[in-house]
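*Asks:* model this:
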Amino acid sequence: MPKSNAPIVKAVIPAAGLGTRFLPATKATPKEMLPVVDKPAIQYVVEEAATAGLSDILMITGRNKRPLEDHFDRNYELEEALQRKGDESRLARVQESSDLATMHYVRQGNPKGLGHAVLCAAPHVGDQPFAVLLGDDLIDPRDPLLRRMIEVQEEHGGSVIALMEVDPAQIHLYGCAAVTPTGEDDVVRVAGLVEKPTPDEAPSNLAIIGRYVLNASVFEVLRKTAPGRGGEIQLTDALQILAAEPALGGPVHGVVFKGRRYDTGDRGDYLRAIVRLACEREDLGPDFRAWLRSYVTEEM
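*Replies:* Take a look at the predicted model:
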């Protein structure tokens with residue numbers, strides 16, 4: 001029986017995708033390791049989980065993903081070289097990634113969708129609630145979305161998904177939620193979910209973004225979920241069942257996020273994310289903003 005009131009300490013990060021939108025850069029390099037300023041994208045996600053109090057992280061990986069494991073492991077040769085040089089600043093930054101959390105890895109094998117990737121985590125997660133963080137969505141650390149989602153799960157039980165208002169013309173790119181209000185401005189009760197609907201079929205303009213806090217009952221539902229859109233096992237389909245039948249594992253709530261989100265799964269948004277984050281850095285921002293203003297002026 002899933003423990004709906006157990007403290008949440010485990011996070012699952014699916015990272016088995018091929019990254020085809022970034023070819024040829026991702027031919028031999030995992031897309032999660034592409035740099036966003038001076039850190040790989042995946043490190044931002046792990047940092048977010050750790051900041052929210054999730055100390056046990058399982059990555060669902062696939063072929064050619066060994067660099068992910070290496071990045072979050074110790075590199076003693078590099079550390080010793082930096083120590084000999086007295087470069088304490090870079091040494092601290094190198095060690096930071098290996099000190100964030102206890103990391104675990106499991107291969108997905110034959111990728112069959114996000115639902116299948118989450119199901120691969122069942123032996124590790126057990127019967128406790130857990131978080132799922134998708135690597136393409138970077139949430140600004142000043143906007144503690146995941147911590148808020150954990151609070152809502154602890155209050156209401158069941159599962160919690162992150163929602164964000166999008167242009168109705170773009171809703172076909174996302175899972176979409178039908179919702180009813182609660183007494184809290186940023187929390188809604190999820191009545192139904194549709195994976196990538198057309199604008200005419202969409203029940204709202206609330207899109208599911210890549211953060212979930214799930215009751216472990218989702219595993220049993222996923223085991224019985226037939227392949228859906230694209231021939232894949234969709235996590236959205238399993239959550240739709242839980243929303244329609246709360247007795248299976250509690251209700252499904254949504255946290256409506258109005259903060260800063262950076263999409264690194266699209267080439268244009270990836271570049272915009274780098275520019276935004278670089279502009280906000282104390283060490284890089286002043287010079288970079290000045291150059292950017294000059295560049296934009298010259299190009300106009």
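*Asks:* Quick one: classify the nearest residue to Asp143 once chain neighbours are set aside as helix, strand or coil.
*Replies:* Residue nearest to Asp143 in three dimensions, not counting chain neighbours: Gly259, with 2.9 Å by CB to CB, 6 or more residues apart in numbering. In this view, the C-beta of every residue, glycine as well, is placed from N, C-alpha and C. At Gly259 the chain is in coil, as set by DSSP: H, G, I helix; E, B strand; the rest coil.
*Asks:* For the stretch 1-150 of the chain, just list every one of the helices.
*Replies:* Ranges of helices in the stretch 1-150 of the chain, per DSSP state H, counting those that start in this stretch, are 41-51, 66-71, 76-85, 88-96, 114-119, 122-125, 145-156.
*Asks:* Which one of these lies nearest to Thr182?
*Replies:* helix 145-156 (8.7 Å; CB to CB).
*Asks:* Domain-wise, how is the chain divided?
*Replies:* 10-265, 266-300 (automatic domain parsing).
*Asks:* Could you identify which of these is most buried?
*Replies:* When the domains of the chain are scored by mean count of other CB atoms under 10 Å, the highest mean neighbour count falls to domain 10-265 (a mean of 18).
*Asks:* got the phi/psi numbers for Ile274?
*Replies:* phi -60, psi -50 (degrees, to the nearest 10).
*Asks:* thought it was touching Leu34?
*Replies:* No. Between Ile274 and Leu34 no contact is recorded; they are 9.7 Å apart, counting by CB atoms under 8 Å.
*Asks:* In this protein, where is pLDDT below threshold?
*Replies:* Scanning the chain for pLDDT under 70 picks out 1-5, 300.
*Asks:* in it, which spans are strands?
*Replies:* For the chain, the strands defined by DSSP state E occupy 10-14, 35-36, 39-40, 56-61, 102-107, 130-133, 137-139, 159-165, 175-181, 187-195, 206-214, 252-256, 261-263.
*Asks:* Tell me which of those strands sits nearest to Leu222.
*Replies:* strand 206-214 (10.0 Å).
*Asks:* Report the separation between Asn215 and Gly19.
*Replies:* 30 Å (CB to CB, to the nearest Å).
*Asks:* The closest residue to Arg63 other than its chain neighbours: what's it in contact with?
*Replies:* Using CB to CB, 6+ apart and skipping residues adjacent in sequence, the residue nearest Arg63 is Arg107, 8.0 Å away. Neighbour list for Arg107: 16, 60-63 [criterion: CB atoms under 8 Å, 6 or more residues apart in numbering].
*Asks:* Just name the closest of these to Ala238, please.
*Replies:* Ile60 (15.8 Å).
*Asks:* Now do the contacts for the closest one.
*Replies:* 12-16, 106-108, 117-118, 120-121.
*Asks:* which one of those residues sits closest to Arg142?
*Replies:* Ile13 (21.1 Å).
*Asks:* What's opposite the closest one in the beta bridge?
*Replies:* Taking DSSP bridges as the rule, Ile13 bridges to Met59.
*Asks:* Select, out of the strands of the chain, the one closest to Lys85.
*Replies:* It is, among the strands of the chain and with distance given as CB to CB, strand 39-40, at 21.1 Å.
*Asks:* Describe which strands the closest one pairs with in its sheet and in which direction.
*Replies:* Assessed with DSSP bridges, strand 39-40 is paired to strand 35-36 (antiparallel).
*Asks:* Quick one: residues in contact with the partner strand.
*Replies:* 41, 44, 138, 262, 264, 270, 273-274, 277.
*Asks:* Repeat the analysis, applying 10 Å as the threshold.
*Replies:* 41-44, 138, 262, 264, 270, 273-274, 276-278 (CB atoms under 10 Å, 6 or more residues apart in numbering).
*Asks:* could you list every residue that touches the closest residue in space to Gly210 that isn't next to it in sequence?
*Replies:* Once flanking residues are discounted, Gly210 sits nearest to Leu134: 2.9 Å by CB to CB, 6+ apart. Shown in contact with Leu134 (CB under 10 Å, 6+ apart): 12-15, 17, 45, 114, 117, 162, 208-212, 235, 265.
*Asks:* ok, Glu195 touching Ala207?
*Replies:* No. Applying CB atoms under 10 Å, one finds Glu195 not in contact with Ala207, separated by 11.1 Å.
*Asks:* Now the common contact residues for the two.
*Replies:* Contacts common to Glu195 and Ala207, judged by CB under 10 Å, 6+ apart, are 174-176.
*Asks:* Now render those residues as JSON lines, adding distance to Arg142.
*Replies:* Listed next are these as JSON lines, based on distance: CB to CB, whole Å:
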{"residue": "Tyr174", "distance to Arg142": "24"}
{"residue": "Gly175", "distance to Arg142": "26"}
{"residue": "Cys176", "distance to Arg142": "27"}
